[in-house]
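> here is my input; please provide its structure:
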Amino acid sequence: MSAWIAILLALLLIYFTLHPSHEGYGWYLQLRRPRWFDFEQHIPFIWLGLYVFFFNSARLVLEPQWKWGYAASFLLLVAMAQGTSWLTCTSRSLKAGVVLGILAWLWNLGMVLSLLSVSTTAALLLLPYLIWGPIVIVGRHQMDALNANSRRKPGRRSLAEKT
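Model (predicted):
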């Protein structure tokens, strides 16, 4: 199997496995946002672009010679990046998404630095996520402050509601 096919299949598997449910994403969409963080209609296009960059970066590194360490690093990066939305929507915790987002951003930074000696182009293709990651992290952090009452699990009543 060609490296590009394996990479593409892995990306698709991660995307469909860690895609938030309609219910979880519905919860996320109804949350209040800072004014600057209201561009949900563009998110699918941003992620499509990021996946294209991830794919091409991995292809540049893994096609000349498959190395399991790099393959696992790319898989972990994509799983953590995609997993931030899944974790946020599944756990209904913006803080959980922020923490995983920070870890994904740090992992991406480490990959950029390590890929510079292998392929400068592959490293540069990971730079868009270094830009996108902080936007989402700050946005979710500010959303958490705006939606303090949404942190409770559905069906649980606060102490004030019980009295």
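> how far away is Phe54 from Met111?
Distance of Phe54 to Met111, given as Cβ to Cβ, to the nearest Å: 10 Å. Every C-beta, even on glycine, is put in place using the N, C-alpha and C of the backbone.
> okay, and the common contacts of the two?
Overlap between the contact sets of Phe54 and Met111, as judged by Cβ atoms under 8 Å, 6 or more residues apart in numbering, is given by Phe74, Leu77, Leu126.
> for those residues, which entry has the maximal number of neighbours?
In terms of neighbour count, Phe74 stands highest of the shared contacts of Phe54 and Met111 at 24 neighbours, by other Cβ atoms under 10 Å.
> low-confidence ranges, this structure, go.
Scanning the chain for pLDDT under 70 picks out 1, 150-163.
> would you map the helices across it?
Using DSSP state H, the helices found in the chain span residues 3-17, 22-29, 43-62, 68-91, 94-115, 120-124, 127-146, 159-162.
> nearest to Arg35, of those?
For Arg35, the closest of the helices of the chain is helix 127-146, at 10.0 Å, according to Cβ to Cβ.
> from the contact counts, what lies against the closest one?
Applying 3 or more Cβ pairs under 8 Å, 6 or more residues apart in numbering; DSSP states H and E, one finds that helix 127-146 contacts helix 43-62, helix 68-91, helix 94-115.
> what about 6 Å?
Other elements packing on helix 127-146 under the criterion 3 or more Cβ pairs under 6 Å, 6 or more residues apart in numbering; DSSP states H and E are helix 94-115.
> buried ones in the helix it packs on?
For helix 94-115, a neighbour-count test (16 or more other Cβ atoms under 10 Å) marks 94, 96-98, 100-102, 104-105, 107-108, 111-112, 115 as buried.
> do stretch 49-59 as well
Buried positions in stretch 49-59, judged by neighbour count with 16+ other Cβ under 10 Å: Leu50, Tyr51, Phe53, Phe54, Phe55, Asn56, Ser57, Ala58, Arg59.
> what's the closest of these to Val138?
Lowest distance from Val138 to the buried residues of stretch 49-59 (Cβ to Cβ) belongs to Leu50, with 17.2 Å.
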